[in-house]
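>>> Please find the sequence and the predicted model below.
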Protein chains: 2
Amino acid sequence: MLDKSHKHVTCATCGARKDSLFGSFCDHDVELTNEQKTCAYFKKGQAIFIEGSFPRGVFCLNQGKVKVFTRGDEGKEQIIHIAKEGEIIGFRAMFSGEAYKVSALTLEECNICYIAKDDFLNMIDTNSTLRNGIMKELSKELGDRAVFITNMAQKSVRERLAFALMILGDIYGDEQINLTREDMANFVGTATETLIRLLKDFKDEGIIEIHTRKLEIIDQEKLIHLAGK
Amino acid sequence: MLDKSHKHVTCATCGARKDSLFGSFCDHDVELTNEQKTCAYFKKGQAIFIEGSFPRGVFCLNQGKVKVFTRGDEGKEQIIHIAKEGEIIGFRAMFSGEAYKVSALTLEECNICYIAKDDFLNMIDTNSTLRNGIMKELSKELGDRAVFITNMAQKSVRERLAFALMILGDIYGDEQINLTREDMANFVGTATETLIRLLKDFKDEGIIEIHTRKLEIIDQEKLIHLAGK
DNA sequence: TAAAAAAAATGATTTTAATCAGCTTTCAAT
DNA sequence: ATTGAAAGCTGATTAAAATCATTTTTTTTA
C-alpha cells in the first residue's frame, strides 16, 4: 500500500526523476519544479484524464502504472501505451491544442504529480534540454506508432502477442506482468477469448509461465523469434 | 510535366509555403531559408529516404505527392501517411536521433527542396514560431496515429476503406484520387484483391466513381457514415 | 503501334480469428 | 466464512478476409 498522505514526495528525492525527462535538471530547476508541482494519490482504476476533454497541465508518474487508450466505435478500448514510473503523460494534447485523443487510467495504486499548463510551457520555453528531450520523445513515439500500425495491419494475433509480451516485459522489469486478460487483449488488439487461448499455447510451448493473474516470461529468445522484425 | 531545371523555385515565390510551417516567416527568414535550401526534381517512384538510414536534413515538398511507409516482415508496405505540397518530411528521425523508421517515395513527379540538418536545427533553436509549429505537428500526428492504430485493430476493412477515402479526398482536394490499387490496399491495410472488390461495392452503392485508375468521391455523407467515429 | 510488363479484376478455397454461449475460478466485500 | 461479481476459461459456430490461380485490361517502352 502506498503512502496516501504523499507528503514525502519531493522532486529532489524522487526516485523516478533520475531517468525521466527531468533527470538532467540542475538543483535550482529541481527546486523550482518542486514548488510548481502538486502531488496526488490515485487508487487503482482511477481516471487521470479522459478523451475529448482539454488538458490543463501534465502528469508525472512517481509510482505505479497507467494505461493510455482510445475507444473505438463500440466503446472497446485500444491500449496505445502503458506508462510507468518516471514518465510524463498528457503533454501531447497540450502542444497540439486539441482535446485529448486518448484517456489515461491507473492500472494500480499510483502517486502522480501535476504541473499546470502555463508552468510547463514556460519550462519548455526556457529550458532547451527539457525541450529537446520532449521533442525527442514525441519523435520516438511517432516512429514506434508507425511500427505499431504496421504490426496491426500485417502480423497475426500470435505474432502481435509475442511482440506485446516483449514490450510488457520491458515495462514490468523484474516484476511479473500484471494485467487483466481483457487489458492485454486490448493492447494486442484481439478478442479476450483469443488472447486466453494463445497464452495457453505459449505456456504449453514453454515461452511463459502463468501464475493466475501474473505472467512470467521464460523464453525471451523464442519470443523474439516469434515476434518477427 | 514539371520544370526539371527547377531554377524558378525560390521560397519567396513558393506557392506551397503559404500554408506550410514556414508560412509565418518574415521576409528576412524567407530569404535566409532560400539561401540554405537546395531544390531538386524527382521523377515518379523515386526514393527520398529509406528506412534504416540516418537523416542528414529535411525535405520540403514544393510540388507532388509522396508516400511514407514502413515494410513489415515479408517486405509488404504499410503506408502511414501521404504527404502533399507544403509538407516538411523526414524531421522525426532528426529529433529522435534514430535511423528512419519509414521510407518516403514519390507517387508522381515532384519538386522537393532540402535543408541540411544543422541549418534546420539552428532554425528550430532560434525561431520559436517554427519550433512551436513543429511541436504542434508532431503532437497532432501522434494523436492521429493513436486513432489509426485503433481503426486497424477494431474496424472492418470496409470501414477502414471508407475512412481512408475520406483522408485521401482531403489530400487530393479538387483532383481525383490517383493511387494504384496496391498502394491503396497498403494504406488501408488489406490485400489488393479485397480492396478491389470493396471499391466495386462502393461504386455499386453510388459512393464513388471509378475512372480506370482515378477515383472520385460522389457521396461524402455515406462515406462519413460508413467510416464511423 | 506492337509487344511486353504492370496493374486490375474475378472466382474458388482456405485460414484465421471473432462471436456466442455456458461454465469455472478467483477476488473482494460484507 | 459466505456470497456475489468480476475475471478467466472452454467448446462450437460463424464470418471476414487472406490466399491462390487465372484472366482481362491498361500502361509503358522498344
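Yep, that arrived.

>>> Report whether the longest helix seen in chain A contacts DNA strand D.
If you go by DSSP state H, chain A has its longest helix at helix A:128-154. No - contact between helix A:128-154 and DNA strand D is absent, the nearest approach being 7.9 Å (criterion: CB under 7 Å from any atom of the strand). Any C-beta I mention is one placed from the backbone N, CA and C, and that applies to glycine too.

>>> Quick check: phi and psi at the residue sitting furthest away from the middle of chain A.
Going by CA atoms, centre = their mean, the residue of chain A most distant from its centre is residue A:204, 29.3 Å out. For residue A:204, the backbone dihedrals (degrees, to the nearest 10) come out as phi -60, psi -30.

>>> how far away is it from chain B?
For residue A:204, the distance to chain B equals 24 Å [CB to the nearest CB, to the nearest Å].

>>> ok, now which ones touch that residue?
By CB atoms under 8 Å, 6 or more residues apart in numbering or on different chains, the contact list for residue A:204 is empty.

>>> So which other helices or strands are in contact with the next helix or strand after the longest helix of chain A?
Remark: after helix A:128-154, the chain's next helix or strand is helix A:157-172, criterion DSSP states H and E. Applying 3 or more CB pairs under 8 Å, 6 or more residues apart in numbering or on different chains; DSSP states H and E, one finds that helix A:157-172 contacts strand A:77-83, helix A:128-154, strand A:177-178, helix A:181-188, helix A:192-204, strand A:214-217, helix A:220-227.

>>> Any part of helix A:157-172 near DNA strand C?
Yes - for helix A:157-172, a contact with DNA strand C is found by CB under 7 Å from any atom of the strand, at A:157, A:158.

>>> Would you mind writing the CA trace of that helix as CSV?
C-alpha atoms of helix A:157-172 as CSV (Å, rounded to 0.1, in the frame of the first residue of the first chain):
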residue,chain,number,x,y,z
VAL,A,157,-2.5,-12.2,-33.5
ARG,A,158,0.1,-14.7,-32.3
GLU,A,159,2.9,-12.6,-33.6
ARG,A,160,1.4,-9.5,-32.1
LEU,A,161,1.1,-11.2,-28.7
ALA,A,162,4.7,-12.1,-28.8
PHE,A,163,5.6,-8.5,-29.6
ALA,A,164,3.3,-7.2,-26.9
LEU,A,165,4.8,-9.5,-24.3
MET,A,166,8.3,-8.2,-25.1
ILE,A,167,7.2,-4.7,-24.6
LEU,A,168,5.4,-5.6,-21.4
GLY,A,169,8.5,-7.4,-20.2
ASP,A,170,10.4,-4.2,-20.6
ILE,A,171,7.8,-2.2,-18.8
TYR,A,172,7.4,-4.5,-15.8
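
>>> low-confidence ranges in chain A?
By pLDDT under 70, the low-scoring segments of chain A are A:1-8.

>>> So which bits of it are right by DNA strand C?
So far as CB under 7 Å from any atom of the strand goes, chain A lies against DNA strand C at A:156, A:157, A:158, A:189, A:190, A:191, A:193, A:194, A:212, A:213.

>>> Report the buried members of those residues.
Among the residues of chain A next to DNA strand C, the ones that count as buried by 16 or more other CB atoms under 10 Å in any protein chain shown are A:157, A:158, A:189, A:190.

>>> got the phi/psi numbers for the residue lying closest to the first one once chain neighbours are set aside?
So the one you mean is residue A:157. Excluding its sequence neighbours, the residue lying closest to residue A:157 (CB to CB, 6 or more residues apart in numbering or on different chains) is residue A:190, at 4.7 Å. For residue A:190, the backbone dihedrals (degrees, to the nearest 10) come out as phi -150, psi 180.

>>> quick one: residue A:190 and residue A:158 touch, right?
No - counting by CB atoms under 8 Å, residue A:190 stays clear of residue A:158, with 9.6 Å between them.

>>> picking up where we left off before, okay, the residue farthest from the centre of chain A and residue B:60: tell me how far apart.
Relative to residue B:60, residue A:204 is positioned 54 Å away (CB to CB, to the nearest Å).
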